[in-house]
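1. structural data only, the sequence is not supplied:
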Ligand SMILES: NC(=O)C1=CN([C@@H]2O[C@H](COP(=O)(O)OP(=O)(O)OC[C@H]3O[C@@H](n4cnc5c(N)ncnc54)[C@H](OP(=O)(O)O)[C@@H]3O)[C@@H](O)[C@H]2O)C=CC1
Ligand SMILES: O=C(O)[C@@H]1CCC=N1
């Protein structure tokens, strides 16, 4: 086995052909992140979807990558890839993988982002031993600020681990977790950007309803969320401590937090994340059922 250092991993990645099987939001986020960070070149990337030809044209125009639809080009892109990213929705995964399993071979590294689908189910669907990296990224990978949980199958070599970790680190933060914890990662950071956007939608709506222009409400909201996240990171202080510093006794923040507490804000967030994790497991069980039926 050849072991490489993490700086060599970056060079090695540039030499690898990557095929993104599924070309939606998450595939685009990864591709853009990898290209913008100079980890690879458009010529090394191919993207494939099922039926949406306009989407393929759009991706070629935007990034210069090779694109095709699965029926038009079943063999070349998938067969020639060193790394195959599985980027379709969980409901489509069993059928999509079943369609191409004979084209895949153990010399390739499989990287899945599919919520809920376990390594064991993927091994069943592939029908042969292959190295599998199961991940849960998020769409902030687009701008290099992603947060990704990663687990490895037993067949993944040290070098392949390093390659996968280096790729996801290039587009944000990467945490290696036990596979069963990936459902929690899904609930927390995979779906997480949507909770923050939802909060921002409500803040903007409140500002507008109370008389600010839409533009002012938006700008103030964006800067507030950006500043708060940076404060937690830059100071290393707990969010609870930083919150205390904003909250003057009997002041405006206290009045607002009392309203949030009355509406069970914390419990709502905790139960939302817990439900998302549970839903990931349900979706995984559904794919497993399809894989074994
Ligand atoms: N979006 C997110 O924030 C995150 C998503 N994920 C995971 O990423 C995966 C993709 O999600 P997302 O990008 O949002 O989904 P999208 O719906 O945006 O994209 C799915 C893609 O898969 C393609 N596809 C579906 N079936 C097939 C098939 N049989 N053969 C080839 N291509 C196929 C679709 O092609 P067509 O349009 O032609 O049908 C489309 O390009 C999911 O499994 C999700 O759990 C993980 C983390 C975050
Ligand atoms: O909503 C979903 O199912 C996917 C998984 C994590 C984020 N989006």
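-> That came through fine. Computed from a predicted model, the values in this text were never measured in an experiment. Ligands and ions are numbered 1, 2, ... in the order given.
2. for residue 10, what are its contacts?
-> When contacts are counted by CB atoms under 8 Å, 6 or more residues apart in numbering, residue 10 touches 39, 166, 170. Just so you know, the C-beta spots here come from the backbone N, C-alpha and C atoms, and that holds for glycine as well.
3. for the first one, what are phi and psi?
-> When read as degrees, to the nearest 10, the backbone of residue 39 gives phi -80, psi -30.
4. residues in contact with it?
-> Contacts of residue 39 by CB under 8 Å, 6+ apart are 10, 13, 14, 166, 167, 170.
5. one more pass at 10 Å, please.
-> 9-11, 13-14, 16, 18, 33, 166-167, 169-171 (CB atoms under 10 Å, 6 or more residues apart in numbering).
6. in TSV: those residues, plus pLDDT and distance to residue 91.
-> Formatted as TSV, the contacts of residue 39 follow (pLDDT from 0 to 100; distance: CB to CB, whole Å):
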residue	pLDDT	distance to residue 91
9	89	34
10	89	35
11	88	38
13	94	31
14	94	34
16	97	29
18	97	24
33	93	25
166	94	31
167	95	26
169	94	30
170	91	30
171	93	25
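7. now, these that are in helices?
-> 9, 10, 11, 13, 14, 33, 166, 167, 169, 170 (DSSP state H).
8. among these, name the buried ones.
-> 9, 10, 13, 33, 166, 167, 169, 170 (16 or more other CB atoms under 10 Å).
9. which one of the contacts of residue 39 is nearest to residue 48?
-> Nearest to residue 48 among these, counting by CB to CB, is residue 18 at 11.4 Å.
10. test my guess that that closest one contacts residue 34.
-> Yes - the criterion here is CB atoms under 10 Å, and residue 18 meets it with residue 34 at 7.9 Å.
11. what is in contact with these two at once?
-> With CB under 10 Å, 6+ apart, residue 18 and residue 34 have common neighbours 40, 44, 45, 167.
12. for the residue nearest to residue 179 when sequence neighbours are not counted, what are its contacts?
-> Once flanking residues are discounted, residue 179 sits nearest to residue 151: 4.0 Å by CB to CB, 6 or more residues apart in numbering. Contact analysis of residue 151 by CB under 10 Å, 6+ apart lists 112, 118-119, 132-136, 176-182, 185.
13. looking at this, residue 151 is in a helix?
-> No - according to DSSP: H, G, I helix; E, B strand; the rest coil, residue 151 belongs to no helix; its state is strand.
14. who does it form a beta bridge with?
-> residue 134 (DSSP bridges).
15. gap between it and residue 237?
-> 31 Å (CB to CB, to the nearest Å).
16. count of residues packed around residue 113?
-> Neighbourhood size, residue 113 [other CB atoms under 10 Å]: 24.
17. which helices and strands does whatever helix or strand residue 278 lives in pack with?
-> Residue 278 is located in helix 265-292, with elements delineated by DSSP states H and E. Using 3 or more CB pairs under 10 Å, 6 or more residues apart in numbering; DSSP states H and E as the contact test, the elements touching helix 265-292 are helix 90-100, helix 119-126, helix 182-185, helix 192-209, helix 252-262.
18. tell me what angle that helix forms with helix 119-126.
-> On the basis of axes from the mean of the first three to the mean of the last three CA atoms, to 10 degrees, helix 265-292 is oriented at 30 degrees to helix 119-126.
19. can you count the residues close to residue 155?
-> Neighbour tally, residue 155, other CB under 10 Å: 15.
20. show me what contacts the nearest residue to residue 269 once chain neighbours are set aside?
-> Using CB to CB, 6+ apart and skipping residues adjacent in sequence, the residue nearest residue 269 is residue 195, 7.1 Å away. By CB under 10 Å, 6+ apart, the contact list for residue 195 reads 187, 188, 269, 272, 273, 276.
21. tell me the SS of the second one?
-> Meaning residue 188. helix.
22. quick one: contacts for it?
-> Going by CB under 10 Å, 6+ apart, the list of residues near residue 188 reads 136, 138, 147, 149, 181, 195, 273, 274, 276, 277.
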